[in-house]
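Engineer: sequence first, predicted model second:
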Amino acid sequence: MGSANSGSLSTPSLDSLQLIFFFNHPLPHAPSYFMLDHTGYNSLLAIKEADEALTNRQEWFEKTAPLLSREELRRKFNLCLVHKHVVLQPGERMVATGLVTKPEIISESTPSDIIPSSWTATGVPFEWKRVNTSEEIIPPPPAEFFREFSEIVGDGSVLGLSLAHDHAPEGQIWCERTDYEQRQHILEIKPVEGPWGDRNNVHQTSWSLEPSTDEGDPRLVLKLACNCVCWGH
């Protein structure tokens, strides 16, 4: 079996990557990071295309669950669908403040209150999050993890990693939607049962690691953590 997207997403070229460093609140052995600039971000698939590209997903879930079960990663990161939300302009990054993510002009020397929140299969950050305190800073997964992960799913996979959402209450699930006029991506909690409207416009975007409820030996499974509701634009 090939990569987790059957070649539908190309790996960004070095021309669409920028080298950045985190100088503030340094972490032990803090590495430097490549990140997608606006051209690299805009080359990502839209949600519907990325969802359709992810075939044989249960097999990929079973292959990646052991990696995500490692102690340093559990409850901190989810498996995610790598996709874009809006078209970025030069110098912009997608930055989440609370439950709203929108483009912001960010200098190459990333401010101390902004951390990566989503990574491609090879460990390249493509979305970001604003934190209020240094205690909220979550170190990214180590480079060795991404080497192993990309060997499983493929360098250009539509599968990546994201910071885990807070746990949704029983019977509810995180939902994301995009306001294209305001260029905002919005997270909210909805009942699992919906209403969801046209199911053709609902796409799975994030999966968290959960204990299996099957009888017999316990095992780890990936459970849907977030849906995306997509309307035409």
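Structural biologist: Arrived safely, thanks for sending.
Engineer: for K48, give its distance to P169.
Structural biologist: K48 is 28 Å from P169, where distance means Cβ to Cβ, to the nearest Å. For the C-beta atoms, the positions are set from N, CA and C on the backbone; glycine is no exception.
Engineer: comparing these two, which residue is more hemmed in?
Structural biologist: K48 (14 against 9; other Cβ atoms under 10 Å).
Engineer: just checking, that one touches H203?
Structural biologist: Yes: with contacts counted by Cβ atoms under 8 Å, K48 reaches H203, the gap being 6.5 Å.
Engineer: can you give me the strands in the protein?
Structural biologist: Applying DSSP state E to the chain gives strands spanning 17-20, 33-36, 77-81, 92-97, 100-105, 114-119, 125-130, 159-163, 172-179, 184-191, 202-211, 220-229.
Engineer: could you count how many residues lie near the residue nearest to E148 when sequence neighbours are not counted?
Structural biologist: Leaving aside its sequence neighbours, E148 sits nearest to L67 (Cβ to Cβ, 6 or more residues apart in numbering; 6.0 Å). Using other Cβ under 10 Å, L67 has 18 other residues around it.
Engineer: show me what contacts the closest residue to E104 other than its chain neighbours?
Structural biologist: Counting by Cβ to Cβ, 6+ apart, E104 lies nearest to V95, which is 4.6 Å off, once chain neighbours are set aside. Residues near V95 by Cβ atoms under 8 Å, 6 or more residues apart in numbering: T101, K102, P103, E104, I106, I114, E127, W128, K129, R130.
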